[in-house]
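Participant: Here you go, sequence then predicted model.
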Amino acid sequence: MAGKPPFRLALISMPWSIFNRPSIQLATLKAFLEREQETCTVETFHPYLYIAKATGIETYREIAGSSWAGEALFSSLLFESQKERARTLFSSELQTQQISLEFDILADRIRKSCRQWMDTINWNNYDLIGFSVCFSQLLPSLYMASQIKKIASHIPIVFGGSSCNGEIGKSLLDHFPQIDFLIDGEGEHPLLFLVRTLQNNEKPDSSYLGDGEEIQDLNALPVPDYSPYFQEISTLFPDKPFIPLVPIEFSRGCWWNKCSFCNLNLQWKKYRWKNSVKMVAETEHLSRIHECLNFTFTDNALPVREADSFFHSLAEKPVDLSFFAEIRTISRPERLQTYRQGGLDTVQIGIESLSGSLLKKMRKGTTVMDNIAAMKLCCENGIRVEGNLIVEFPGTNPEEIHETLENLDFVLPFSPLSPARFFLGHSSPMHRNCHDFAIRSTMVHHKVKKLFPKIHQQSLQHLILGYRGDRGLQHHLWQPVIKKIERWQHFHAKRADRKNGVLTFRDGGTFLIIRQEFPDGRVQQHRLRGLSRAIYLFCHTPKPISEILREFTTLNEKQLRTFLNELTLKKIVFLEHDTALSLAVRQPGSFIQKNHHQEINTGKSNVP
């Protein structure tokens, strides 16, 4: 490498990234490239911080929560002809939010903020400029690239990221001249190849850099370099109104990777993960140098065995770390206990449905019992659940709606899910096999038509597609579910008694007292004695009826079913396919309310 002139690379992450998180994509690429290419200097930039300051943090947060609204603002800047349609889309997406600024004012502030940020940088000093383009960053990145080209047209620009995969990435190259190169898939090796090629004054054979070599051993990656982000926030927000949430990466891809609706893993060829020793060291290092305690895993699913070791190691350390992670359902209490002790306090579980047949259509590989058991165990361990229930799923029948409505009664005690309207993702299994899912044909999504001019609508491939099928029917069928979820959310938001859980028990040694709260303010108490108590505690995790009968040999099946059916009617036990789960969670230190006119002691839930 001796004698080569230094190569300067600028990497940019645009809105609508979450403003209090640095870009792990930029930080990882910076650390990797500077290690592998000694003559390469990588500077990372986070313009979304400047825009958050210009719009105000709360306004930025609300816009970032709606990807369509954020894209609409930049659509009006990139395509003058789309301004009116973009304004309409913005208003419809945020009609329930308290946005204090009008569309035109926001768009103008964003335009000025982008210009002011650009003016602080001498773009002619760089040999290559890169944009990391993930969900809700496409139009902002296209706009900023077009502005940079106006003042530094000879500097090549490369796009890459999860929104640039496969046919989508190739079509972006065809439509937008501000993109000189596009990386499809994992970025480290293709970007390193591009840097070395350009540094040798050569040109790649193609502008499309796809099917690149993946990192075989993630443990060989350096620790992400977040220092530029922290320097930027110290300049822009000297009073530090927030403490950043630091992203960390345990694995790439998804070890399940079979869900019919999912297109989140198109950029990965196979699932890979780091070992727990590497992850503990990386987390401790980032915590120490940035003085942060809050972390978020970027994984679609944690590697289970290594995660066990990771959280077990952290549970033994004298630090108060906090983690968010996306996980698949976990039904082993001891595993969740360890994770919680190690700092995992918020999770997003891939619940998606409370109908057994819908879960099969979604190819989740889980059951309703799995989902409810995971929600219960998270509640018991003080882990907040942020989960979705997919609504308006194509091909849903009335029986599945009825099952969903019934099962919502059983999860009332736990953290409410959010309704997530189904969308057809490009290259998802449902897109590739439309006719298996009540989808007759696909088209450009109606919201995409408001963002892009006609010339970019048909041949440009988009991440979200419109489709013909039973959409009107599904919209009608799912309304009762959506309304019931809203009532569930309202109940938890307005509960007056936060000291007690919604459904808890206290153990008296020879009897249990179960306390059950209802949305109308009633509180019922159930007393289980002797054998009834023992069975209820035995079903702390899902137990088949056959296993319960083997454990309690004095019972016959008819007696057991009568008992379980009675508790199921009271919504304190859940039954699915001859498997039972007790729903109440232990609440140490809880007390019985003495407002007797609101409490009803049933006192009869005992095995006959």
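Facilitator: Sure, I can see it. Numbering: from 1, shown residues only.

Participant: sec struct for the residue nearest to S132 when sequence neighbours are not counted, please.
Facilitator: For S132, ignoring the flanking residues on the chain, the nearest one in space by Cβ to Cβ, 6 or more residues apart in numbering is Q25 at 4.1 Å. (Glycine included, C-beta is placed from N, CA and C.) With DSSP: H, G, I helix; E, B strand; the rest coil as the basis, the three-state label of Q25 is helix.

Participant: Q25: neighbour count?
Facilitator: Using other Cβ atoms under 10 Å, Q25 has 25 neighbouring residues.

Participant: for the one 3 residues further on, same thing?
Facilitator: By the other Cβ under 10 Å criterion, the neighbourhood of T28 contains 23 residues.

Participant: which SSE is R468 in?
Facilitator: For R468, the element it lies in under DSSP states H and E is strand 464-469.

Participant: can you give me the helices in the stretch 201-350 of the chain?
Facilitator: Using DSSP state H, counting those that start in this stretch, the helices found in the stretch 201-350 of the chain span residues 227-236, 276-290, 304-315, 333-341.

Participant: was I right about the residue nearest to S132 contacting F159?
Facilitator: No - with contact defined as Cβ atoms under 8 Å, Q25 does not reach F159; the gap is 12.0 Å.

Participant: Would you quantify the distance from the residue lying farthest from the centre of the chain to I179?
Facilitator: Of all residues in the chain, T554 has its C-alpha farthest from the mean position, at 47.5 Å, by Cα atoms, centre = their mean. Here T554 is placed at a distance of 74 Å from I179 (Cβ to Cβ, to the nearest Å).

Participant: again, but for I545
Facilitator: Separation of I545 from I179 (Cβ to Cβ): 60 Å.

Participant: which SS state does A420 fall under?
Facilitator: strand.

Participant: My guess is it contacts I390. True?
Facilitator: Yes - if you go by Cβ under 8 Å, A420 and I390 touch, sitting 5.4 Å apart.

Participant: neighbour-wise, which of the two wins?
Facilitator: Under the criterion of other Cβ under 10 Å, the comparison of A420 against I390 puts I390 first, with 19 against 14.

Participant: Specify the local secondary structure of that one.
Facilitator: Secondary structure for I390, judged by three-state DSSP, is strand.

Participant: Show the pLDDT at it.
Facilitator: On the pLDDT scale, I390 is placed at 98.

Participant: which residues does it contact?
Facilitator: Contact analysis of I390 by Cβ atoms under 8 Å, 6 or more residues apart in numbering lists F261, E352, S353, M362, A420, R421, F422.

Participant: 7 Å - rerun?
Facilitator: E352, S353, A420, F422 (Cβ atoms under 7 Å, 6 or more residues apart in numbering).

Participant: Now it: closest residue in space, sequence neighbours ignored.
Facilitator: The spatially closest residue to I390, leaving aside those adjacent along the chain, is E352, at 5.0 Å (Cβ to Cβ, 6+ apart).

Participant: Roughly how far does the one you found sit from D370?
Facilitator: E352 sits 11 Å away from D370, going by Cβ to Cβ.

Participant: Neighbour count: the two, which is higher?
Facilitator: E352 (23 against 20).

Participant: circling back to that earlier point, flag every buried residue along the strand holding R468.
Facilitator: Going by neighbour count (16 or more other Cβ atoms under 10 Å), the buried part of strand 464-469 is I464, L465, G466, Y467, G469.

Participant: give me the beta-bridge partners of the third one?
Facilitator: This means G466. M443 (DSSP bridges).

Participant: quick one: contacts for it?
Facilitator: Each residue near G466 by Cβ under 7 Å, 6+ apart is listed here: T442, M443, V444, H445, H446.

Participant: Same question for A52.
Facilitator: F19, Y60.
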